[in-house]
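Trainee: Everything below, folded, please.
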Amino acid sequence: MKIILSITAFAALGLGIATAGSNNYSVNLDQKVWVGDKELKPGDYKVTVNGDKATLKSGKTVVEVPAKVEASPNKYTVSTIDTKTEGGKSMLREIHVGGSTTRIILEGDKSTAHGE
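Mentor: Alright, predicted model coming up:
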């Protein structure tokens, strides 16, 4: 009985550690882009991914957007972004994290914005 309780406690601890962490990145936008209905001006942005949400922040501008993190088959040498033109606007779709295989896929049509 003690073994089963120990295994259950260990599994619960492992799950808590796996879900508690967040990932912090930074990206420099050299052009204006849109995430949902929010325009992001050129500049440096802190990107925090926590669970299924990414937060992009620069000064008072904060945009939250559903996102997922995936591993690319190849390592990115520098941080880059992937955009798609929709309705004449450059929509931010992905952030590729330099020095890693990490790519953050954004679902911009479901974003929420704060500040200005």
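
Trainee: which stretches of the protein have low pLDDT?
Mentor: For the chain, the stretches with pLDDT under 70 are 1-22, 108-116.

Trainee: That one: helices as residue ranges?
Mentor: For the chain, the helices defined by DSSP state H cover 2-20.

Trainee: how much space between residue 105 and residue 59?
Mentor: 25 Å (C-beta to C-beta, to the nearest Å). C-betas here are computed from N, CA, C, even on glycine.

Trainee: out of those two, which sits in the busier spot?
Mentor: More crowded of residue 105 and residue 59, by other C-beta atoms under 10 Å: residue 105, with 14 against 11.

Trainee: Distance-wise, check the more buried one relative to residue 93.
Mentor: Per C-beta to C-beta, residue 105 is found 7 Å from residue 93.

Trainee: What residues are bridge-paired with residue 85?
Mentor: residue 90 (DSSP bridges).

Trainee: State which strand of this structure is the longest.
Mentor: strand 61-76 (DSSP state E).

Trainee: Report the buried residues of it.
Mentor: 61, 62, 63, 64, 65, 66, 67, 69, 76 (16 or more other C-beta atoms under 10 Å).

Trainee: Which member of those is positioned nearest residue 100?
Mentor: When these are ranked by distance to residue 100 (C-beta to C-beta), residue 76 comes first, at 6.4 Å.
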